[in-house]
Structure formats: C-alpha cells, structure tokens
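Participant: With the input below, show me the fold.
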Amino acid sequence: MPMLTKINFFNGLWQQADRIRVSGCSDVEVMNRALKDFKSKYPSGFHHVEAWEVVSKHDKWAPVPLLGEDSGGSGKKRKSFDSDNYNTGTPGTEFNRDIPDINVDPSPTRQKKKEKRPATS
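Facilitator: Model (predicted):
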C-alpha cells in the first residue's frame, strides 16, 4: 500500500480518536488509540508517524466539521443560517435549507424521435 494511502487512513483514525476524546485525555493517548486502531486493520502497524506529524499541520489534513457541528467555539452557541443572530437551541434544529430530492434524475430528458414514414411515390 502506498505511503500516502497509509497516512490518509491513519489521519482519519486520529481524527476519530480525537473526536471521542474524553476530558483530560492527552494527545499521546489519542495517538496511541489511533495507532492501535491502525494495527487492528493492518497488523504491520503504522511506520510513518514522523511524516504524518509534518503533513498534519497543513490545511488538507485538518479535521472537517461533521454535519451540524460548529466549526469552533463552545458548541453551545450556533449561528443561524437565515440571520446573523445566534441561538442556543437544540443542535441541528436551526438548519432550514432546502434539501434536493436525490431520487430525481437532474439530467435533461430527450425528446423521442418521430417515426419515419415510408416514402410514397
């Protein structure tokens, strides 16, 4: 497996371990959890920790907020999509965008060709 693929996979495991981190959990414990999860999938283990530490500082490898997750702050205040007012309601209840129907084919429909009539002479 290529090195980039291993680093991508490990980065995802590290982000998962970081998201479920309990209060007081250190980065070392998060790293150990991610390494353990990687080893359970690939018994040879992850040997590119130094490379991951370098690339993990770049934007491409930054954690992506989950759907309905605030990108920062305490998590109690959420910005409404419709205005600049903040509300403290249940997370996800202020999401009021129109969701497209994924069961509808967005491609244009073709008109059927007319049948050719036999030429009469």
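Participant: Around Pro43, how many other residues sit close by?
Facilitator: 7 (other Cβ atoms under 10 Å). Placement of C-beta: from N, CA and C, glycine included.
Participant: ok, now Ser23?
Facilitator: Using other Cβ under 10 Å, Ser23 is surrounded by 4 other residues.
Participant: Could you do Ile7 as well?
Facilitator: Number of residues near Ile7 (other Cβ under 10 Å) recorded here: 19.
Participant: Report the contact partners of it.
Facilitator: Going by Cβ atoms under 8 Å, 6 or more residues apart in numbering, Ile7 touches 48, 51-52, 55.
Participant: Tell me which helix or strand it sits in.
Facilitator: Using DSSP states H and E, Ile7 maps to helix 3-19.
Participant: Output the next helix or strand along the chain from that helix in CSV with nothing but the alpha carbons.
Facilitator: Scanning forward in sequence from helix 3-19 by DSSP H and E, the next helix or strand is helix 27-41. In CSV, the C-alpha atoms belonging to helix 27-41 read as follows (Å, rounded to 0.1, in the frame of the first residue of the first chain):
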residue,chain,number,x,y,z
ASP,A,27,-2.6,13.9,22.6
VAL,A,28,-0.4,10.9,23.4
GLU,A,29,-3.5,8.9,24.4
VAL,A,30,-5.2,9.9,21.2
MET,A,31,-2.1,8.9,19.2
ASN,A,32,-2.0,5.5,21.0
ARG,A,33,-5.7,4.9,20.2
ALA,A,34,-5.2,5.7,16.5
LEU,A,35,-2.1,3.5,16.3
LYS,A,36,-4.0,0.7,18.0
ASP,A,37,-6.9,1.1,15.5
PHE,A,38,-4.5,1.1,12.6
LYS,A,39,-2.7,-2.0,13.8
SER,A,40,-6.1,-3.8,14.1
LYS,A,41,-6.7,-3.2,10.4
